[in-house]
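**Student:** prediction below, plus the sequence it came from.
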Amino acid sequence: MAHKRVLIPSQYATGEKLTSDLLGIGMRFAANPPTKEPNIEDTIVAASLEGIENEDFRVLSLLLDWFGVHFERVNVDRLVKMVRLLEDKRVKAFWAALAQWQGQDWRFKKLQKVYTRPRLDLMGERTSFQIERHGEDDRFTKTTMRVPNKLLRHRLVDILTPHELAKKHRAYSYRIMIGPSYRADMWALMDQNSDLTPTEIARQTYGSFPTAWEVKRDWLLLNQERSLATAS
């Protein structure tokens, strides 16, 4: 059967599964054991849904700090496509605001366009009152979302550094080496299980079959040469 490409998971993680996934991409807090190397984009989109739709501002705070540290390693091409498929306008506005916050990275231009106006309030009707009391969060000033200051705490100590995360998350490490892409995730997956077929590689990384086929070919070529060098 031909590979039919998908871009989003069958369902986004919630509850304890989401907590474990967040630990797996480098967030520090007391919880269950972390998921081993969860998909990065699946996890951060799930976190945004939990944080905004269920008003879990602890999760949203962690996501915001994580994004500030690791935005360079995000596969923005996939993230844009995922966010466009979301129904909640506030979640779209949140991601557009993060793209504006990190506007120095040209890759986020398309993400800025997933939502443009009017500005939406993170806390609904309570937002204006909280902004009058505490002012506006500097990270969201002049973006598509209004967020009161002091609502989303800023604690970088709760986020693994790129060096720390690269030692724990193979795909993140490959994204540092060859750029944040489907190809990087495929190389990481091949390191875990070289018996996977190109179709299985493509399906597990949300990538295309031609890219998966090339990665499988190149991985086998390099490792064949390594085996010959070791034998000699």
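**Tutor:** That came through, no problem.

**Student:** which helices and strands sit right next to the helix or strand where T199 lies?
**Tutor:** T199 is part of helix 198-205, with elements assigned from DSSP states H and E. Counting contacts by 3 or more C-beta pairs under 8 Å, 6 or more residues apart in numbering; DSSP states H and E, helix 198-205 packs against helix 182-192, helix 209-231. All C-beta atoms are positioned from the backbone trio N, CA, C, and that covers glycine.

**Student:** ok, the spatially closest residue to R117 that is not a sequence neighbour - contacts?
**Tutor:** Once flanking residues are discounted, R117 sits nearest to T144: 7.1 Å by C-beta to C-beta, 6 or more residues apart in numbering. T144 is in contact with A93, A96, A97, Q100, Y115, T116, R117, R119, L120, counting by C-beta atoms under 8 Å, 6 or more residues apart in numbering.

**Student:** any of those residues buried? List them.
**Tutor:** A93, A96, A97, Q100, Y115, L120 (16 or more other C-beta atoms under 10 Å).

**Student:** just to revisit the earlier point, turn the contacts of T144 into CSV, including secondary structure.
**Tutor:** CSV is the format used below for these (DSSP: H, G, I helix; E, B strand; the rest coil):
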residue, secondary structure
A93, helix
A96, helix
A97, helix
Q100, helix
Y115, coil
T116, coil
R117, coil
R119, coil
L120, strand
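
**Student:** please give the number of neighbouring residues around P210.
**Tutor:** Neighbourhood size, P210 [other C-beta atoms under 10 Å]: 11.

**Student:** swap that for E41, sorry
**Tutor:** 24.

**Student:** how about the one 4 residues further on?
**Tutor:** Other residues near V45 come to 24 when the count uses other C-beta under 10 Å.

**Student:** tell me if I'm right that it and Y12 touch.
**Tutor:** Yes - shown here, V45 and Y12 form a contact pair, counting by C-beta atoms under 8 Å, at 6.5 Å.
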